[in-house]
Each structure stands twice: as structure tokens, then as C-alpha cells.
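Novice: Build me a structure from this.
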Amino acid sequence: MPVISGQLVLAAGAQRLSNLYGGASVGDAIVPALDVPLRQVLLVAEGADAFLGATSATTSSAYGVKVDSAENVPTPLGPFDNGGIKLSDVWVAGAGATLHVLGIVF
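Specialist: A predicted model of the protein is given here:
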């Protein structure tokens with residue numbers, strides 16, 4: 001099973017998690033060739049907490065899930081048996097945080 005990995009430096013304002021792919025993906029653009037469905041995603045925050053949400057309105061006070069940098073334990077999304085999740089589906093914010101990502105391709 002192929003694996004993707006990378007890291008993304010966060011800011012207070014939200015950005016798509018798929019920005020970690022770089023290139024044409026930077027600036028919240030969705031590049032279908034890169035943005036593949038993932039069976040599972042593991043996230044670790046370093047430096048500060050990271051916040052995940054469903055929209056560009058995600059902030060440290062309006063979010064769906066917090067990835068706690070003090071725990072140093074991966075926060076999982078999935079595993080998904082059907083379909084999967086794309087990194088472009090997830091918005092992230094967190095001033096001072098670096099989010100480390102490992103994804104298992106569906």
C-alpha cells in the first residue's frame with residue numbers, strides 16, 4: 001500500500017491540508033492528480049496545537065478536532081473501509097504549529 005507523508009507549517013488563518021503537497025497545491029488549489037483518497041491519515045502537531053475543520057473558517061476557537069502538540073501521539077482520521085478522505089477535504093489552522101502527516105493511500 002503506498003504511503004504519503006509531509007509536513008505543513010500552519011498559521012492562525014486556515015489552509016487546506018493538501019497544501020503539504022506543494023507545487024500547484026499551494027494556495028488552497030486542489031490538484032486531482034495529487035489529491036488522492038486516503039484510507040487513513042495520522043497527524044502530529046509540533047510547536048503548538050493544530051486545529052482541523054471542514055471549512056476555511058477553521059480557527060483555534062472554531063474547529064472540529066484539536067491535535068494537541070503536548071501529547072506527541074498521532075491523531076488518526078480513519079481508517080475508512082469505503083471511499084477514503086482527501087487532504088483537500090480538511091482545513092487546518094494553528095499559529096506556530098507544524099503538522100506532520102502520514103497517509104495510507106486507498
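Novice: Give me the residue ranges of the protein where confidence is low.
Specialist: Within the chain, the stretches with pLDDT under 70 are 1.
Novice: which residues of it fall in strands?
Specialist: 3-9, 15-16, 38-46, 50-53, 65-67, 75-77, 91-93, 98-105 (DSSP state E).
Novice: Mean neighbour count, the ones you listed: which tops it?
Specialist: Per residue and on average, the most neighbours among the strands of the chain fall to strand 91-93, with a mean of 25 (mean count of other C-beta atoms under 10 Å). The way it works is simple: take the backbone N, C-alpha and C, and place the C-beta from them, glycine included.
Novice: give me every residue that touches the residue most central in space within the chain.
Specialist: Most central in the chain under C-alpha atoms, centre = their mean is L17, positioned 3.8 Å from the mean C-alpha point. L17 makes contacts with 8, 52, 87-92, 99, 101, as judged by C-beta atoms under 8 Å, 6 or more residues apart in numbering.
Novice: now with 6 Å?
Specialist: L17 makes contact with 87, 90, 92, according to C-beta atoms under 6 Å, 6 or more residues apart in numbering.
Novice: Check R16 too.
Specialist: If a contact means C-beta under 6 Å, 6+ apart, then R16 has 28, 88 as its contacts.
Novice: again, but for D49
Specialist: Taking C-beta under 6 Å, 6+ apart, we find D49 in contact with 66, 68-69, 94.
Novice: Now do the residue nearest to G6 when sequence neighbours are not counted against N72, distance only.
Specialist: In space, and not counting its chain neighbours, G6 is closest to L20: 4.1 Å by C-beta to C-beta, 6 or more residues apart in numbering. From L20 over to N72 the distance is 19 Å, taken as C-beta to C-beta, to the nearest Å.
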